[in-house]
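Chemist: Got a sequence here, can you model it:
(2 chains)
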2 protein chains.
Amino acid sequence: VSQPAAARPDAIRRHNLGLVLSLVHRRGELTRAQLTQALGLNRSTIGDLVADLSELGLLREHVPTGANRVGRPSHVVGPRPDGPYAVAVDLEADSLTSAAVAIGGQILARRESKLDPEEHGPITVAEKIAGHVEELAAATAPGAWAVGLGVSVPGLVRASDGVVEVAPNLEWRGKPFRAVLNDRLPGLPAEVGNDADLGVLAERVRGAAGGSDDVIYLTGKIGVGAGIIVGGNALRGHDGLAGEVGHVVFDPGGPPCHCGGRGCVETYVGEAALLRAAGRDIAPSRESVAAVFADARAGDLAAIRAVSQIADSLGRVAANLVNLLNPQLIVLGGSLGEILTLAGDTVEASLTRHALAAVRSSVSLTTAGLGEDSSLLGAAELAFQVLIADPVRQR
Amino acid sequence: VSQPAAARPDAIRRHNLGLVLSLVHRRGELTRAQLTQALGLNRSTIGDLVADLSELGLLREHVPTGANRVGRPSHVVGPRPDGPYAVAVDLEADSLTSAAVAIGGQILARRESKLDPEEHGPITVAEKIAGHVEELAAATAPGAWAVGLGVSVPGLVRASDGVVEVAPNLEWRGKPFRAVLNDRLPGLPAEVGNDADLGVLAERVRGAAGGSDDVIYLTGKIGVGAGIIVGGNALRGHDGLAGEVGHVVFDPGGPPCHCGGRGCVETYVGEAALLRAAGRDIAPSRESVAAVFADARAGDLAAIRAVSQIADSLGRVAANLVNLLNPQLIVLGGSLGEILTLAGDTVEASLTRHALAAVRSSVSLTTAGLGEDSSLLGAAELAFQVLIADPVRQR
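Modeler: I've put the predicted structure just below:
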């Protein structure tokens, strides 16, 4: 065994504090006995760590109320309402959703603003986020404090520096968004991530993909993106830009795409394709897309046929991904989740027809367990990383 | 830090012996000083480990001859010609290539047999491999011994049990090939892997992909397969079946594929597609494919046009993979390597036209550094894993 540089006691303590915090974050309230067992540390060490975390105001120990228990009540270690929270932001083309998210994933407060195209500039968006940050601070319990800011962006985000390479629906190209956020909110360390990458992160921690090590989260908002986990790790690619399934070519003879290509996946299963298939000559928006689904549910034949057509294409897209990546689970979010809900049989049949039998048999399809909040809660995970890496420095 | 079960001294020693062996295997001859530095162990521990490995006959220490050195000659630790070797086998539809591969990757002896379609049964193949094993034993130095058998197969191999799920060009389906090999050669632990997965493994250890953590190895033999490394780890998928890029759909309106689908990648960049593009109505074989490339080199216009057409499609296939996986390097093997050599500009231009600029800029294309031997040498890596995991048990 190669010998690491000797870890100083203080570094070990910080690391262990992070482990306890991370475990409570992922699993919720736990007794000291459960912490002892899960972390393989001895009881007195756990006791010291819990005491430290309580003193730092990061967790609290209490006896759960309302529990119908027999025998001596057991103390549990859990989040505190006046403790640290992450500011999570989901930036979409037409809206900005922010939330104060506690350790454990509970949403303490939420703000949502409409976003008009003329408000798409990074500085304007940062200004609006700063407004949300203030409102969330006012809406949370006295004493609670923000530890970091995580922002989900519908575009390609370079991992190394938080530069948004391309976000077509915001008309961004090479925008140093993390730097803009850090300028505007110097007290709040900011991280920026791709919406689908953050979606799959959250779905795995507390959504539909718990326990799966090979997962594809496919989401349709205006564009189509994928967050991919292989062998338990996020598939990032060399620059952190992996997952642009929306611009994989589905049919080289297909319609032109805004990216300059032809027949991209997005032109077959994106929201504009759904509206076009339904014969509606309007731009995709939350309302126009929801209307197609509502009409399909109500029995409108054109809407049903449109959903069915997208469902068949979605099965083909999934088949290509299954042949290439052999996943265990595909989680469908945004409008693609609605397609699965409304026309799951069509999606499944198309997948079966187009995927190799050996890989088809081990994959399941499911809708996002966190609904519309996958990317938002993934952004919270991003913000918590700083706290968990060093719980002491935060106070 | 969570506490591992206390490692017993003997287990630590075996682990450290494996580390030394693995390092010499990857980097070749090394001085004790280099080993000490690379492994972070102290000098006396390294001395003991080297002595143990020498006594086990796995490595030898010697003064290099012929070196034009100044000062006191330094002993180096390296492979020995009468030491352990892996039996590596590359099974293709029309041939069986075997090699005795020493620690360090040197091929000590090699055997090749033609394989006729009527010899494609797993038991017949195992019989032929057993013949090669004997011939290789006779061709290596007295005292040298085989530590394991690694076989590269042109098909989907289930990682857990070495069952070949599908190998179209051998007409195999659900063949328990690892079990068949272990039955026929009970003394030689066998491992079976997919040819492209093994190709990328070898290219990363000692070929064109050293130092790259995000690599796609795309190979064209009769079929088209991919071995993919993401974030430094092999992308295996849930059942170890990832990488079937040959049956990702390139054009849903394209020609029928033997898999039952239409317009698969294989029907555009596979060897049959090359022959068809060149107007040659013959089955792909080593000779018929080589003839097209030779004719293109000699200036035959139909052959040049065929190569150029495949090159354009190859650029499109690469673009889809680049958009999805954001690799740093694509290594092209088999006939796809020849396409790159002959029409690299066309491949690069097509890739540029069809990939997103943000991911296109960081990817390079290159031919396989190990030429025809990528999969063969990857199979050797598979066989060495057992030795490196426990060098002591081997004698």
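
Chemist: only C-alpha atoms for contact and neighbour calcs from this point on.
Modeler: Will do.

Chemist: Just give the number of residues close to the closest residue to A:W145 other than its chain neighbours.
Modeler: In space, not counting the residues next to it along the chain, A:W145 is nearest to A:P84; the distance is 5.0 Å by C-alpha to C-alpha, 6 or more residues apart in numbering or on different chains. Summarising burial for A:P84: neighbours were counted as other C-alpha atoms under 10 Å in any protein chain shown, giving 26.

Chemist: Would you confirm that A:P84 contacts A:I103?
Modeler: Yes: if you go by C-alpha atoms under 8 Å, A:P84 and A:I103 touch, sitting 7.1 Å apart.

Chemist: show me the contacts for the residue nearest to A:W145.
Modeler: When contacts are counted by C-alpha atoms under 8 Å, 6 or more residues apart in numbering or on different chains, A:P84 is found next to A:57-58, A:102-103, A:144-147.

Chemist: one more time with 6 Å, if that's ok
Modeler: Residues near A:P84 by C-alpha atoms under 6 Å, 6 or more residues apart in numbering or on different chains: A:144-146.

Chemist: Same check on A:H238?
Modeler: Counting by C-alpha under 6 Å, 6+ apart, A:H238 has contacts B:214, B:326-328.

Chemist: and it, backbone torsions?
Modeler: Backbone geometry at A:H238, expressed as degrees, to the nearest 10, gives phi -60, psi -40.

Chemist: So which bits of the stretch 151-300 of chain A are right by chain B?
Modeler: Neighbours of chain B within the stretch 151-300 of chain A, by C-alpha under 6 Å from any C-alpha of the partner chain: A:214, A:237-238, A:241-245, A:248, A:251.

Chemist: Make TSV from these and add pLDDT and secondary structure to it.
Modeler: Output for these, formatted as TSV (pLDDT from 0 to 100; DSSP: H, G, I helix; E, B strand; the rest coil):
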residue	pLDDT	secondary structure
A:D214	97	coil
A:G237	95	coil
A:H238	95	coil
A:L241	92	coil
A:A242	94	coil
A:G243	93	coil
A:E244	92	coil
A:V245	94	helix
A:V248	94	coil
A:D251	94	coil
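
Chemist: Tell me where the stretch 51-200 of chain A is predicted with low confidence.
Modeler: A:66-73 (pLDDT under 70).

Chemist: if you average pLDDT over the helix or strand hosting A:A272, what comes out?
Modeler: If you go by DSSP states H and E, A:A272 is part of helix A:271-277. For helix A:271-277, the mean per-residue pLDDT is 96.

Chemist: cool, stretch A:28-41 as well?
Modeler: 92.

Chemist: got the buried residues for it?
Modeler: A:28-32, A:35-36, A:39 (16 or more other C-alpha atoms under 10 Å in any protein chain shown).

Chemist: what about it, start to end distance?
Modeler: End-to-end distance of stretch A:28-41 (C-alpha to C-alpha, to the nearest Å): 19 Å.

Chemist: what residues does that stretch touch?
Modeler: A:43, A:76-78, A:104, B:2.

Chemist: Quick one: distance of it to the chain centre.
Modeler: Between the centre of stretch A:28-41 and the centre of its chain there are 27 Å (C-alpha atoms, centre = their mean, to the nearest Å).

Chemist: what's the answer for stretch A:337-355, then?
Modeler: 23 Å.

Chemist: Likewise for stretch A:164-179?
Modeler: 19 Å.

Chemist: measure it end to end?
Modeler: So stretch A:164-179: terminal residues 11 Å apart, C-alpha to C-alpha.

Chemist: Show residues contacting that stretch.
Modeler: In contact with stretch A:164-179 (C-alpha under 6 Å, 6+ apart) are residues A:93, A:120, A:154-157, A:162-163.

Chemist: do that again at 7 Å, thanks
Modeler: A:93, A:120, A:122, A:154-158, A:162-163, A:190-192, B:358 (C-alpha atoms under 7 Å, 6 or more residues apart in numbering or on different chains).

Chemist: Likewise for stretch A:326-335?
Modeler: A:212, A:214-221, A:359, A:362-368, A:372, B:237-239, B:241-242.

Chemist: Same question for stretch A:120-133.
Modeler: A:98, A:111, A:119, A:170, A:177, A:180-181, A:184-185.

Chemist: For it, buried residues please.
Modeler: A:120, A:122, A:125-127, A:129, A:132-133.

Chemist: Show me which of the contacts of A:H238 is closest to B:A272.
Modeler: Nearest to B:A272 among those, counting by C-alpha to C-alpha, is B:P327 at 27.4 Å.

Chemist: since we're on that closest one, how many residues are nearby?
Modeler: Neighbours around B:P327, by other C-alpha under 10 Å: 30.

Chemist: Identify the residue spatially nearest to it, adjacent ones excluded.
Modeler: Using C-alpha to C-alpha, 6+ apart and skipping the chain neighbours, the partner closest in space to B:P327 is B:D214 (4.8 Å).

Chemist: Thanks again, I'm all set now.
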